[in-house]
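A.B. asks: The following comprises the amino acid sequence and a computationally predicted model.
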2 protein chains.
Amino acid sequence: MKENKYDDPSFFEAYGNMTRSRKGLDGAGEWHALKQLLPNFKGKRVLDLGCGYGWHCRYAAENGAVSVVGIDLSTKMLEKAQSFTTDHRIHYQNTAIEDLEFSPERFDVVLSSLAIHYLADFDGLVKKIYQLLSLRGVFVFSVEHPVFTAYGSQDWIYDSKGNKTHWPVDNYFNEGKRKAIFLGQEVIKYHRTLDTYVNGLLSHGFTITGFVEPSPEEHMLAQDPDWKEELRRPMMLIISSTKNVKA
Amino acid sequence: MKENKYDDPSFFEAYGNMTRSRKGLDGAGEWHALKQLLPNFKGKRVLDLGCGYGWHCRYAAENGAVSVVGIDLSTKMLEKAQSFTTDHRIHYQNTAIEDLEFSPERFDVVLSSLAIHYLADFDGLVKKIYQLLSLRGVFVFSVEHPVFTAYGSQDWIYDSKGNKTHWPVDNYFNEGKRKAIFLGQEVIKYHRTLDTYVNGLLSHGFTITGFVEPSPEEHMLAQDPDWKEELRRPMMLIISSTKNVKA
């Protein structure tokens, strides 16, 4: 299923009010970790899957990419992304990640930030990405962590006083659809095991080069105690990988 | 701390009554998965860290290893292991994993089954293993999964009727000691994030070749419905890796 809540006006507005939407990359708690796994963009042809407001597309262009294509299912997102730039190296395209189609070895870097957990078929995606990357090309993506998606509700367990007692995990090996509430609306996401993410890459000829479960930095914890909660369970997973010759 | 509950007579007896102790490799729920990640042992020099009864040592020898060293902190375990074999290629040594000391490139394969979560220092261990492995040498290990170790109690959350409602996760990014009850005794284990396991390998020059969160096979579920519980949360993690030239 191609999830497109972002063209719903109230959802789009709620998304626009999130810190990560208002402040861009520095408003995203995991940016410090994702940035470490990004390659040198100089001279690179870049594809961003689920580009949203286009923050990562602009970052790639500002850091030397020769061409950047950002795809997204939401026309509203792409209008917003387009409004932020006049850089002729960046092209936005209204395409669902599932419908991805480019000629072989068309890109040197494929990025995706918090979009792939909306997709049912990870294996099929990795196969496509392998084809459209040049040899030694880089694939970096962040997703919601399997610990975060397994149970489904994406919420803590509370005691009778409303305190968060712990995070629930269940149905871990039962991969597939989960319904969660995000920005006040029911959203469909797909739970996958870590095994599926890592082996999806290995089995298609990628080498794992980085693996991060981002957690708040010291200065974030000092500035805002709410970040402490993010030390209790992993919310995201970021993996970087390189296309190799298949064994 | 060097955990050595296995020399405690009542603990040792309880361990001996576990299915995996009585039935060996086929009595271990994860053996089908671990076996897939093991290399071809033919002509290889093998080291087993925390060898216990020596099942994996004997398996390596039976599959063509030229020499096998099994180390364990427990003399009782090693006596038992020795009682099972007269194979002159297998040598048992009473050494804690922390005190591991062999000449560089002494081994071609290092194995460890469910022992490394008793160790405080994973990074130091990986560094040592890198040194004592030959180039392209293989390191395969299983540990308790971070989802299993994070909370500490290593038990489910139950409702008022005693039903298991879900598995708790908390303090995920707070690595270190956890006290759990195992075979009726308090045992100290060390929780680490997935990030620490994977990056410990990558940062020291290992390439990840396999990554499995073992779950029960169909025939196991058909034979014994109790295995179904193991589909609810990951209990173990198995990683295989290869020593490469450091970048």
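C.D. replies: Thanks, I have it.

A.B. asks: For chain A, what lies in contact range of chain B?
C.D. replies: A:147, A:150-151, A:157, A:165-174, A:193-195, A:198-199, A:202, A:207-213, A:215, A:230-234 (C-beta under 8 Å from any C-beta of the partner chain). Where C-beta positions appear, they are placed from N, C-alpha and C, glycine not excepted.

A.B. asks: do that again at 6 Å, thanks
C.D. replies: For chain A, the residues in contact with chain B (C-beta under 6 Å from any C-beta of the partner chain) are A:147, A:166-170, A:172-173, A:193, A:195, A:198, A:208, A:211-213, A:215, A:231-234.

A.B. asks: Any of those buried? List them.
C.D. replies: A:147, A:166-170, A:172-173, A:193, A:195, A:198, A:208, A:211-213, A:215, A:232-234 (16 or more other C-beta atoms under 10 Å in any protein chain shown).

A.B. asks: What segments of chain A are helices?
C.D. replies: A:9-16, A:19-23, A:31-37, A:55-62, A:75-83, A:122-132, A:146-149, A:194-203, A:218-223 (DSSP state H).

A.B. asks: Please name every helix or strand in contact with the first one.
C.D. replies: To tie it back to what came earlier, the one meant is helix A:9-16. Other helices and strands packing on helix A:9-16, by 3 or more C-beta pairs under 6 Å, 6 or more residues apart in numbering or on different chains; DSSP states H and E, are absent; none qualifies.

A.B. asks: which parts of that helix are buried?
C.D. replies: By neighbour count on 16+ other C-beta under 10 Å, the buried set for helix A:9-16 is A:11, A:12, A:14, A:15.

A.B. asks: What spatial separation is found between residue A:178 and residue A:154?
C.D. replies: Residue A:178 is 8 Å from residue A:154, where distance means C-beta to C-beta, to the nearest Å.

A.B. asks: Next: residue A:111.
C.D. replies: Per C-beta to C-beta, residue A:111 is found 24 Å from residue A:154.

A.B. asks: Look at the two and report which has more neighbours.
C.D. replies: residue A:111 (29 against 19; other C-beta atoms under 10 Å in any protein chain shown).

A.B. asks: tell me the contacts of the more buried one?
C.D. replies: Residues near residue A:111 by C-beta atoms under 6 Å, 6 or more residues apart in numbering or on different chains: A:48, A:56, A:140.

A.B. asks: ok, the first one touching residue A:72?
C.D. replies: This points to residue A:48. No: with contact defined as C-beta atoms under 6 Å, residue A:48 does not reach residue A:72; the gap is 8.6 Å.

A.B. asks: I'd like to know which helix or strand in chain A has the lowest mean pLDDT.
C.D. replies: In chain A, the helix or strand scored least confidently by mean pLDDT, DSSP states H and E is helix A:19-23, which has a mean of 84.

A.B. asks: Buried residues of it, list them for me.
C.D. replies: Neighbour count says helix A:19-23 has A:20, A:21 buried, by 16+ other C-beta under 10 Å.

A.B. asks: Can I get it as PDB, trimmed to CA atoms?
C.D. replies: C-alpha atoms of helix A:19-23 as PDB (Å, rounded to 0.1, in the frame of the first residue of the first chain):
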ATOM      1  CA  THR A  19      10.400  20.500  15.300                       C
ATOM      2  CA  ARG A  20      12.100  18.600  12.500                       C
ATOM      3  CA  SER A  21       9.900  20.400  10.000                       C
ATOM      4  CA  ARG A  22      10.400  23.900  11.400                       C
ATOM      5  CA  LYS A  23      14.100  23.600  12.100                       C
END
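
A.B. asks: who's in contact with it?
C.D. replies: The contact list for helix A:19-23 (C-beta under 6 Å, 6+ apart) reads A:15, A:27, A:28.

A.B. asks: Equivalent analysis for stretch A:214-225, please.
C.D. replies: Stretch A:214-225 has contacts (C-beta under 6 Å, 6+ apart) with A:30, A:32, A:33, A:227, A:230, A:231, A:236, B:173.

A.B. asks: Alright, I will stop here.
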